[in-house]
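Colleague: all I have is the shape, not the residue letters:
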């Protein structure tokens, strides 16, 4: 009788442990994670974004020609033949981002004839857009 009580107690202990660990929220994210490109610092158009466009030669072709101006915020927001190049607060939907990543929605990946934009510089552009594409 003593052994059967001990066995039942042991089995109940095992079941309680399994139940406790199975129901625990430990290690489970309850909130949606921030996107990897969530901005954590202020990004300036004049100090950060424009220099990215200049570094890759974007403003050479899109500084008033080819239907798009990337040298001013107004030009970027106005856009070119395909509409606004940037949708404030929506980097992943913005043409300028989609054109510098593999598999652009139309035409060739940018910039043509040079080095592709680094992940770090893509993040600068995305952060600026996700912060509202301010003229700062």
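Modeller: It's in. For clarity, every value in this text was computed on a predicted model and none was experimentally measured.
Colleague: any low-confidence regions in the chain?
Modeller: Counting by pLDDT under 70, the chain contains low-confidence ranges at 1-40, 65.
Colleague: 90 - rerun?
Modeller: The chain contains residues with pLDDT under 90 at 1-41, 63-67, 113-114.
Colleague: any chance you could map the helices in it?
Modeller: 2-23, 50-55, 58-61, 73-78, 95-100, 119-130 (DSSP state H).
Colleague: check contacts around residue 41.
Modeller: residue 127 (Cβ atoms under 8 Å, 6 or more residues apart in numbering). Where you see a C-beta, it was placed from the backbone N, CA and C, and this is true even at glycine.
Colleague: same check on residue 134?
Modeller: Going by Cβ under 8 Å, 6+ apart, the list of residues near residue 134 reads 45, 73, 128.
Colleague: now the last one, nearest residue through space, not along the chain?
Modeller: Sequence neighbours aside, residue 43 is the residue nearest to residue 128 in space, at 4.1 Å (criterion: Cβ to Cβ, 6 or more residues apart in numbering).
Colleague: correct me, but the one you found touches residue 49?
Modeller: Yes. Counting by Cβ atoms under 8 Å, residue 49 is a contact partner of residue 43 at 6.7 Å.
Colleague: those two: who's more crowded?
Modeller: Shown here are residue 43 and residue 49; by other Cβ atoms under 10 Å, residue 49 has more neighbours (25 against 22).
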